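> Following is a predicted model, sequence given first.
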Amino acid sequence: MSASKVVTRFAPSPTGFLHIGNARTGLFSWLYARHHGGKALLRIEDTDKARSTQAAIDVIVEGTQWLGLDWDGEVYFQSQFAGRHAEVAHQLLAGGHAYKCWMTQEELAVQREAAQRERTPFRTRSPWRDRQDGPDAPYVVRLKAPQHGETVIEDQVQGRVAVQNEEIDDFVLLRSDGSPTYMLAVVVDDHDMGVTHVIRGDDHLNNAFRQLAIIRAMRWPEPVYAHIPLIHGPDGAKLSKRHGALGVDAYRDGLGILPEALFNYLLRLGWGHGDDEIISKEQAILWFDLEGVGRSPSRFDMKKLESLNGHYLREADPVRLAALVGSKIAGADADLLARAMPYLTPRARDLNEVADGASFLFATRPLDMDEKAAALLEGGARNMLALVHAALIRLAKWSAETTEQAVRKVAEAEGVKLGQVAQPMRAALTGRATSPGIFDVLALLGREESLARLADRMSGKDS
């Protein structure tokens, strides 16, 4: 593949959020271009003014950037080229490849009802296809689609796909108000942007046959098509919100997923490289090609995404994580958070769990106790805390190592297991029954705060 010839495009509609399936399409388009040293373009298909808002556009641009996709050149907006789209429609008219149609809605309804009765696909058959004696009234412009033979696409994912041309109707290019339809605009934009490879969901496969009819009528170069199977839920049904089909911003802002984890997970949804599961962006660019894309729908699994995210949390720079987590905790100290990250991330699956696990570091005294923690302070626990407090206050040096030695001596002197001392300590220091290692907690909280929290509980001070 010649690097200079590869141009891909990601062309989402601004519908309010960047759907997870669309994000994967954008990822595959971007990766194919990067792998072949070509260009990856972003085009916003904003011709539907009712749904196209600046906020929705920002979500798409920012969402793909967050995911790590850097687009070449400026962002294209389809609405800016309406004049060019109409120009091509008129060229098709002039060349005899399109015609003016004055069919009424009532006439179309009759054809639609007939198709329903006969249980056949609805195909518009216009009486104006070979006539030029129309009235002085508004009209639409329809493509004069081929009626014989077949159209074949050698799809890079689906393989050879053929459609009988009689199944392609004379679809509308220009509406009666002169505005271009989506079907026309896509073809013109792809040609004018120099797109060589159209990589998109297989729900657009039927559109490809219609779009090829325009391309061939204009005698334009035909792009290479690659239609990717859609993502399904764990139950095999079409992916929906109940499966977790949220916008990319929801995974970022609400679910606490790291961009590199979502990148890796989307990459593996429908594409593979041997048994490799953990794949960096650099490796993805090196390895990705369309041959690795499967023909069957992939299944979205939130647990797998969370597991992958846990891996990337443990690999991430603590300072970076501290900045991300700090925004979720009132009064958080970035330096303390960064030091705490190696102890907070081993069991965490997302940034929210990291933030929740770190919250004890910045809690005000006396601490709120959850139910399980309160239970750990019953019986003789307070007396044990007093013994621990007395041992710790004598330490000349405060660290995880020195505090562990002191607490172990208390446990040995009292003839109990270390856990019988550590559990009430955990409750007193964190307000919870689970936390990082208790001696790491002591080191992170520091001498003054640790002793004060122990004192609160050994004296019976409640929140």
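Looks like it came in fine. Numbering: from 1, shown residues only.
> Who are the contact partners of the residue of the chain most remote from its centre?
Ranked by distance from the centre of the chain (Cα atoms, centre = their mean), the top residue is Ala413, with 55.7 Å. Listed by Cβ atoms under 8 Å, 6 or more residues apart in numbering, the contact set of Ala413 reads Leu387. All C-beta spots, glycine's among them, are computed from the backbone N, C-alpha and C.
> what's the spacing between it and Gly310?
To Gly310, Ala413 is 39 Å away according to Cβ to Cβ, to the nearest Å.
> Is Tyr343 in contact with Ile438, as I believe?
No. Using Cβ atoms under 8 Å, Tyr343 is not in contact with Ile438; the gap is 10.7 Å.
> Can you show me the strands along the protein?
Remark: strands assigned in the chain by DSSP state E are 7-10, 39-44, 76-77, 98-101, 140-143, 150-155, 159-164, 172-174, 197-201, 224-228, 231-232, 298-299.
> Please parse this protein into its domains.
If you go by automatic domain parsing, the domain ranges for the chain are 1-73+229-315, 80-228, 371-458.
> need these in JSON lines with distance to Arg365, can you?
Converted to JSON lines, the domains of the chain look like this (distance: least, Cβ to Cβ, whole Å):
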{"stretch": "domain 1-73+229-315", "distance to Arg365": "28"}
{"stretch": "domain 80-228", "distance to Arg365": "55"}
{"stretch": "domain 371-458", "distance to Arg365": "6"}
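> closest to Lys328 out of those domains?
Lys328 lies closest to domain 1-73+229-315 among the domains of the chain, at 8.2 Å (Cβ to Cβ).
> picking up where we left off before, nearest to Phe362, out of the domains of the chain?
Of the domains of the chain, nearest to Phe362 by Cβ to Cβ is domain 371-458, at 10.3 Å.
> ok now that closest one, how far from the chain's centre?
Distance of domain 371-458 from the chain centroid (Cα atoms, centre = their mean, to the nearest Å) equals 43 Å.
> gap between the two ends of that domain?
Terminal residues of domain 371-458 lie 18 Å apart, using Cα to Cα, to the nearest Å.
> Arg365 is in contact with Arg453, isn't it?
Yes. The criterion here is Cβ under 8 Å, and Arg365 meets it with Arg453 at 6.3 Å.
> Those two: who's more crowded?
Higher neighbour count among Arg365 and Arg453: Arg453, with 27 against 11, using other Cβ atoms under 10 Å.
> For the more buried one, which non-adjacent residue is spatially closest?
The shortest distance from Arg453 to any non-neighbouring residue, by Cβ to Cβ, 6 or more residues apart in numbering, is to Leu429 (5.2 Å).
> Kindly confirm whether my reading is correct that the one you found touches Gly437.
No. Using Cβ under 8 Å, Leu429 is not in contact with Gly437; the gap is 11.4 Å.
> burial of Asn299, as a residue count?
No Asn there; residue 299 is Arg. Arg299: 17 neighbours (other Cβ under 10 Å).
> For it, give me the pLDDT.
pLDDT for Arg299: 92.
> cool, and the one 5 residues further on?
In this model, Lys304 is scored at 95, pLDDT.
> now it, nearest residue through space, not along the chain?
In space, Lys304 is closest to Tyr265, 6.9 Å off (Cβ to Cβ, 6+ apart).
> wait, what's in contact with the one you found?
If you count contacts by Cβ under 8 Å, 6+ apart, Tyr265 has them with 304-305, 308.
> which one of the residues you listed sits closest to Ala98?
Using Cβ to Cβ, Leu305 comes nearest to Ala98 of the contacts of Tyr265, at 46.9 Å.
> where's the closest one relative to Glu315, distance?
Distance, Leu305 to Glu315, using Cβ to Cβ: 16 Å.
> Among those two, which residue is more densely surrounded?
Shown here are Leu305 and Glu315; by other Cβ under 10 Å, Leu305 has more neighbours (24 against 12).
> so that one touches Asn264, yeah?
No. When contacts are counted by Cβ under 8 Å, Leu305 is not listed as touching Asn264 (9.2 Å).
> where do the contact lists of the two overlap?
Here Leu305 and Asn264 have no joint contacts, going by Cβ under 8 Å, 6+ apart.
> Spit out the contact partners of Cys101.
Cys101 sits in contact with 126, 128-129, 139-142, 170, 172, where contact means Cβ under 8 Å, 6+ apart.
> So Asn309 is in contact with Pro259, correct?
No. Between Asn309 and Pro259 no contact is recorded; they are 10.2 Å apart, counting by Cβ under 8 Å.
> The strands of the chain into CSV, with extra columns for distance to Ala433?
Below are those laid out as CSV (distance: least, Cβ to Cβ, whole Å):
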stretch, distance to Ala433
strand 7-10, 47
strand 39-44, 49
strand 76-77, 54
strand 98-101, 73
strand 140-143, 69
strand 150-155, 56
strand 159-164, 57
strand 172-174, 66
strand 197-201, 47
strand 224-228, 46
strand 231-232, 38
strand 298-299, 36
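> Can you tell me which of those strands is packed in deepest?
Counting by mean count of other Cβ atoms under 10 Å, strand 7-10 has the highest mean neighbour count of these, with a mean of 24.
> So which other helices or strands are in contact with that one?
Packed against strand 7-10 by the contact rule (3 or more Cβ pairs under 8 Å, 6 or more residues apart in numbering; DSSP states H and E) you find helix 20-35, strand 39-44, strand 197-201.
> Tell me which of Asn309 and Pro259 has more neighbours.
Asn309 (25 against 18).
> Burial check on the closest residue to that one other than its chain neighbours, number of neighbours?
Among residues not flanking Asn309 along the chain, Ala261 sits closest, at 4.0 Å (Cβ to Cβ, 6+ apart). For Ala261, the count of nearby residues is 24 (other Cβ under 10 Å).
> again with Val157
20.
> doesn't Ala226 make contact with it?
Yes. Using Cβ under 8 Å, Val157 is in contact with Ala226, at 4.9 Å.
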